[in-house]
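Engineer: this is a predicted model, with the sequence first.
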Amino acid sequence: MKLKRVFPMLMMAGTLVAAMPSCKSKVSDADLKAKVETVITSHQGITTSVKDGVVTLEGFASSEAEKAQIETDVKAADKSIKSVVNNIIVQVTAPAAISVNTVDESLAKGIVDATKDFPTVQATVKDGIITVTGTIEKAKLVTLKQALDNLHPKKVDLSAVVTK
């Protein structure tokens, strides 16, 4: 007789135990998306979408480590996240811009001053070498050469200068 009374109570308790997990309130996709977006606010250019508890990440990261960190942070945002689809692309940064040859620029400015008294010659600079063309009196050639040497170029090329 006691078994008839205990059995229904055990059945009732078993049903309640089985039904309890299904009574948990599910987090909506919109709430999950809000939590995920809060977590990734420091990462510019990352977008998210959530469907049925699956979070999809898209955008660009500067390294594999950053990509993995974003995914880890998103997974930790809420226990209701079923999985994360990480479509983030690692973008290789471009090398630093090639520097302008400032030596040539400073030499070019100095050349203007050095040749202002010699209107019949032209001077150009490339890779630190000053090339002079035109005509000049033999006596003034030494003065021009000294003025150009004072600029400290790699070389002064006077081979194309015609002397009078």
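Structural biologist: Nice, I can see it.
Engineer: quick check: domain ranges of the protein?
Structural biologist: Here the domain assignment for the chain is 27-93, 102-163, based on automatic domain parsing.
Engineer: tabulate those (a markdown table), appending distance to Ala13.
Structural biologist: Bear in mind the C-beta positions are built from the backbone N, C-alpha and C, glycine included. Output for these, formatted as a markdown table (distance: least, CB to CB, whole Å):
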| stretch | distance to Ala13 |
| --- | --- |
| domain 27-93 | 27 |
| domain 102-163 | 85 |
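Engineer: show me where the chain has its helices.
Structural biologist: Applying DSSP state H to the chain gives helices spanning 2-19, 29-39, 64-75, 102-114, 138-149.
Engineer: out of those, which is closest to Thr120?
Structural biologist: helix 138-149 (9.3 Å; CB to CB).
Engineer: list the contacts of stretch 75-90.
Structural biologist: 26-27, 32, 35-36, 38-39, 46, 52-64, 66-67, 70-71, 74 (CB atoms under 8 Å, 6 or more residues apart in numbering).
Engineer: return the set of buried residues in it.
Structural biologist: For stretch 75-90, the neighbour count (16 or more other CB atoms under 10 Å) marks Lys75, Ala77, Asp78, Ser80, Ile81, Val84, Asn86, Ile88 as buried.
Engineer: comparing the helices of the chain, which yields the minimum mean pLDDT?
Structural biologist: Ranked by mean pLDDT, these end with helix 2-19 at the bottom, a mean of 67.
Engineer: what's the burial count for the residue nearest to Lys155 when sequence neighbours are not counted?
Structural biologist: Excluding the flanking residues, the one nearest Lys155 by CB to CB, 6 or more residues apart in numbering is Ile129, at 4.7 Å. If you count neighbours by other CB atoms under 10 Å, Ile129 ends up with 14.
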